[in-house]
Structures are given as structure tokens and as C-alpha cells.
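[1] Need a 3D model of the following:
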Amino acid sequence: MSLTNKYFVLATDLDGTLLRSDQSISQFDASMLFKLQEGGVNVVFASGRTSFDVINRYEKLGLRRENAYVIGTAGCEIVKISDRSLLYTNGLTAEVVPIAVDFCKANNYNIEFYYKTTHLVCTKLNKHHDYHARVTDLQTTVISYEEMKERCIKSPPMKFLITEDPELVSTKIIPSLKELLPPSAKPVRTEPFYCEVIPSSEGKAHALEWLCENIFHCSMENVLSVGDSGNDVDMLLSCGGSYCPSNASDAAKEVAKHISTYSNEENCVGQMINSVFFENKYKPDEDT
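    Down below sits the predicted model:
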């Protein structure tokens, strides 16, 4: 089967978009992704999670692994699925580390980063960290602010994640970091209780542009994207087509070209694929 459509690539976010609240992917969404691949469309999972976590999600669905790629750590990594080779990586600069860590220490905020593919290294435990560790299935290591600063200056992470109550994130953390961080880094709200600190030059859109130029040999006009949060905004803006689920953040809804009437609990990705590529041929309650 070969699909006739201007879109050669589908890029989908995971949390709040393809994943339901119980961390599962619906059978309908999975079946639509399969049909898309069968039609020759490249399916790219683009997430703030580590690339290897994203690959595990991809492989559990049984999607085609050959010539398939994932974007991890909010655009800081691109990995080829078949051999897990790292094609592209970029992270924070050392100058960002003391600013971000000292800010969190002064306000007693938890700040954390991914260590290898197995651990979340954090400065304190709270319910928002616990949620993050649970959904990513990573082990937790708690260290002092000073140890984190020392370790991360020597080897800067790709991103930091600050996990605090939603009001603090929106009214204190994001505005303060916008003032404090150097031009090389930016704060992005990805969940009500998450603030990510990522390189200003990076993002899911930048990673997709790299894939389009170096792998898929098409333009961003040929990419259809779907996402729900702050770290999806650049991707939704840059792609030829873009959707967000009904549960998306205001930031995502402001820039997406289309807002779905379906949420991540209601097959929003599958419904979008069904509408754009298959003229609503399939129904969620059918064995597709």
C-alpha cells in the first residue's frame, strides 16, 4: 500500500499525546501507526524522555525498526532504532549549570537530570519527582546541590528538569529562569509541574529538520506533527501540518494548525491519522 499525501513523515509526542494517563497506547492508535508505516510514511516518536525509553515504547508496539528513528530528550538526541546508534546529540553548556542549580538551591526546588539510561539524579524527593521516576521507570539517586553542580560542570547534561507545584512553575520558576539563564539555554514548561531547562538552539523542530535534511530528504512542509505541551511548540510551528489533542496546553493550542476534538484518552493520534490519510475509513470500535 502506498499513500498519496504531501506528508512523508509523522512526528508524534508521547506523554499527553500518544500515551494515555495509564502510560498505555490504545489499540486504535497502534493500528493507525501500522497502517501509516505500511503506506510508506516515516513514523517518528519525539519526546522529552531519554531516547532509549522512547525506543522501548516504539519497539513494544512492533513497529518497523529498519530505517526508523526517534527523537529524545526534547530534541537533544536522535537515535537510529535498528542498531541504537546515536546520530545526533547536543546538551547544555557548563555556564548554565551553576545558574540553574544555585537558583534551585536558594529556593529549595528539586532539580534533576538523566544519568545514562537508568537513573534520575535529583536533589530532593517530592511527589512530582516520584511521578517522573514512575512513568519513565528510572531509578532515583539523590545528591546534594553542590555535588550536582560539581558533576554537571564537568559533564553537562542534555537538559535539567525542575519538578515543583504548578503555581511555582508558572509564577516563579519560568519567569525567574527567563531572566537568569544565558542565551544558550531556555526554560520550557512541559507539564504543569515540570520546567525543563534545554539548549536554546535545540528542540524537536531542530531535530526534525536534521532528519529531513540528512535522512528523509524532504522539507518540513512534508512533516505532520502532533503534540500537547511547551516542548512541542517549535515542532507544531515548523511543520507543514500540526495538530494538538483537546487536552493540550494553551501554549500548544495557540500554535497548532488544528486542535483535535479528541484527547490523548480518546485516540487523538489515531483519529488524526484516520482523518488526514484515510478519509475516516476506520472506526475505533472496529478490529483495524
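
[2] in the stretch 151-288 of the chain, which spans are helices?
    166-168, 174-180, 204-211, 233-238, 250-255, 268-278 (DSSP state H, counting those that start in this stretch).

[3] So what's the gap between the fifth one and the chain middle?
    Translated: helix 250-255. Between the centre of helix 250-255 and the centre of its host chain there is 16 Å, according to CA atoms, centre = their mean, to the nearest Å.

[4] From what I see, residue 162 and residue 193 are in contact.
    No: with contact taken as CB atoms under 8 Å, residue 162 and residue 193 are classed as non-touching, separated by 9.3 Å. Where C-beta positions appear, they are placed from N, C-alpha and C, glycine not excepted.

[5] Between these two, point out the one with more neighbours.
    Regarding residue 162 and residue 193, a neighbour count based on other CB atoms under 10 Å identifies residue 162 as having more, with 28 against 21.

[6] just to revisit the earlier point, which among the helices of the stretch 151-288 of the chain is found nearest to residue 129?
    Relative to residue 129, the nearest member of the helices of the stretch 151-288 of the chain by CB to CB is helix 166-168, separated by 13.9 Å.

[7] Can you list the buried residues in the closest one?
    Residues of helix 166-168 include none that count as buried (16 or more other CB atoms under 10 Å).

[8] what's the model's confidence in that helix, averaged?
    Taken as a whole, helix 166-168 has an average pLDDT of 97.

[9] helices or strands next to that helix in the packing?
    Contacting helix 166-168 under the criterion 3 or more CB pairs under 8 Å, 6 or more residues apart in numbering; DSSP states H and E is no other helix or strand.

[10] chain center to it: distance?
    Distance of helix 166-168 from the chain centroid (CA atoms, centre = their mean) equals 21 Å.

[11] Equivalent analysis for stretch 172-185, please.
    The gap between where stretch 172-185 is centred and where its chain is centred comes out at 20 Å by CA atoms, centre = their mean.

[12] Okay, buried residues for it please.
    Of the residues in stretch 172-185, those with enough neighbours to count as buried (16+ other CB under 10 Å) are 173-174, 177, 181, 185.

[13] Those residues into JSON lines, with extra columns for distance to residue 252 and pLDDT?
    What follows is the buried residues of stretch 172-185, written out as JSON lines (distance: CB to CB, whole Å; pLDDT from 0 to 100):
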{"residue": "173", "distance to residue 252": "19", "pLDDT": "98"}
{"residue": "174", "distance to residue 252": "15", "pLDDT": "97"}
{"residue": "177", "distance to residue 252": "20", "pLDDT": "98"}
{"residue": "181", "distance to residue 252": "22", "pLDDT": "98"}
{"residue": "185", "distance to residue 252": "21", "pLDDT": "96"}
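
[14] If we only consider those, which is nearest to residue 258?
    The shortest gap between residue 258 and any of those belongs to residue 174, at 26.5 Å (CB to CB).

[15] Could you double-check that that closest one lies in contact with residue 195?
    Yes: assessed by CB under 8 Å, residue 174 is found in contact with residue 195 at 5.8 Å.

[16] what touches both of those two?
    187, 189 (CB atoms under 8 Å, 6 or more residues apart in numbering).

[17] State the distance from residue 280 to residue 272.
    11 Å (CB to CB, to the nearest Å).

[18] of these two, who's got more company?
    When neighbours are counted by other CB under 10 Å, residue 280 and residue 272 differ, and residue 272 comes out ahead with 24 against 9.

[19] so what pLDDT did that one get?
    Per-residue confidence (pLDDT) for residue 272: 97.

[20] Not counting its neighbours along the chain, what's nearest it?
    Once flanking residues are discounted, residue 272 sits nearest to residue 243: 5.0 Å by CB to CB, 6 or more residues apart in numbering.

[21] Hmm, that neighbour is touching residue 225, no?
    Yes: with contacts counted by CB under 8 Å, residue 243 reaches residue 225, the gap being 7.5 Å.

[22] Could you report the neighbour count for residue 229?
    Around residue 229 there are 24 residues (other CB under 10 Å).

[23] Hmm, I typed the wrong one, I wanted residue 67.
    Applying other CB under 10 Å, we find 11 other residues in the vicinity of residue 67.

[24] Nearest approach to residue 132 belongs to which of the helices of the stretch 151-288 of the chain?
    For the helices of the stretch 151-288 of the chain, distance to residue 132 was read as CB to CB. The smallest value, 14.2 Å, belongs to helix 166-168.
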